[in-house]
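Visitor: I'd like to go over a predicted model; first the sequence, then the structure.
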Amino acid sequence: MINKIVNSVAEALGNVADGSTVLLSGFGDAGMSHALIAGLVVQGARDLTVVCNNAGSGEAGLAALLKAGRVRRMICSFPRAPTSFVFDELYRAGRVELELVPQGTLAERIRAAGAGIGGFFIQTSSGTPLAKGKELRQIDGKNYVLELPIHADLALINAERGDRWGNVVYRKAARNFGPVMAPAAKRTVVSVNEVVELGALDPEHIVTPGIFVDKIVCIPRTINAAGADK
């Protein structure tokens, strides 16, 4: 019997190796699993490459992981929100690297990894410092830049509801990066606010099917928002 539901964050995360690349869903705090990230802090993996739209806010979630000194490199689109002071201090001190990627390009690089696409040409960063060192090509008289997929060892995603087969649905804007991140990682762990019985999720509404999910852990919404490991 397939049952991907586990009882704790620690069990869901398992062993995360030093130097892993980790995808974190979320647009700011919307759709970010603070509880899973808090569990990663406790787990202890170091020298991580973290891929996320933002670079954390306040001192919880991704900011807590950064503050604990576990992140070697950030790949993100928006590292300088007013509340991203932890990342800002670490970056200015030379303690964390940054690869800046335009938001649409970031999403497509992650999607490409899950879709088995070896690379794609895009105009977005053409003629900017972000194109430095990348292959350039002219197509139909326009300049394009080659972007490569972002493969990951682990994806940590927050969703609204899930079943024991691993099928999940999202809540409104919290959907953001979760659907493209789940197929792009070797292991995908999802925290959900509610576990439902098989058949309770309309097949036509399932956004991330269970084939892309390895573990599910139920974290009440209030606990996830606080970043507690329960």
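Guide: Looks like it arrived, so ask away.
Visitor: what ranges do the helices span in the chain?
Guide: Along the chain, the stretches classed as helices by DSSP state H are 9-13, 34-43, 62-67, 85-92, 103-115, 178-181, 221-226.
Visitor: tell me the contacts of the residue lying closest to residue 159 once chain neighbours are set aside?
Guide: Excluding its sequence neighbours, the residue lying closest to residue 159 (Cβ to Cβ, 6 or more residues apart in numbering) is residue 168, at 4.0 Å. Glycine gets a C-beta too; all of them are placed from N, C-alpha and C. Residues near residue 168 by Cβ atoms under 8 Å, 6 or more residues apart in numbering: 157, 159-162, 178, 190, 192, 206-208, 210, 213, 216.
Visitor: Now with 7 Å, please.
Guide: In this structure, residue 168 makes contact with 159, 161-162, 190, 192, 207-208, 213, judged by Cβ atoms under 7 Å, 6 or more residues apart in numbering.
Visitor: Out of those residues, flag the one nearest to residue 224.
Guide: Nearest to residue 224 out of those is residue 192 (Cβ to Cβ; 9.4 Å).
Visitor: Counting neighbours, what do you get for the nearest residue in space to residue 32 that is not next to it in sequence?
Guide: Excluding the flanking residues, the one nearest residue 32 by Cβ to Cβ, 6+ apart is residue 26, at 2.9 Å. Residues lying near residue 26 (other Cβ atoms under 10 Å) number 26.
Visitor: which residues does residue 26 contact?
Guide: 32, 52-54, 176-177.
Visitor: Any chance of TSV for those residues, columns pLDDT, neighbour count and distance to residue 107?
Guide: Shown next, in TSV, are the contacts of residue 26 (pLDDT from 0 to 100; neighbours: other Cβ atoms under 10 Å; distance: Cβ to Cβ, whole Å):
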residue	pLDDT	neighbour count	distance to residue 107
32	93	32	15
52	97	27	12
53	96	22	8
54	95	24	13
176	96	21	9
177	97	26	7
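Visitor: Return the member of those nearest to residue 201.
Guide: Closest to residue 201, out of all of those and judged by Cβ to Cβ, is residue 176, at 19.4 Å.
Visitor: For the residue nearest to that closest one when sequence neighbours are not counted, give the beta-bridge partners.
Guide: In space, and not counting its chain neighbours, residue 176 is closest to residue 27: 4.3 Å by Cβ to Cβ, 6+ apart. Residue 27 has the following beta-bridge partners by DSSP bridges: residue 30.
Visitor: Please name the bridge partners of the residue nearest to residue 126 when sequence neighbours are not counted.
Guide: Among residues not flanking residue 126 along the chain, residue 143 sits closest, at 4.4 Å (Cβ to Cβ, 6+ apart). As for beta bridges, residue 143 partners with residue 138 under DSSP bridges.
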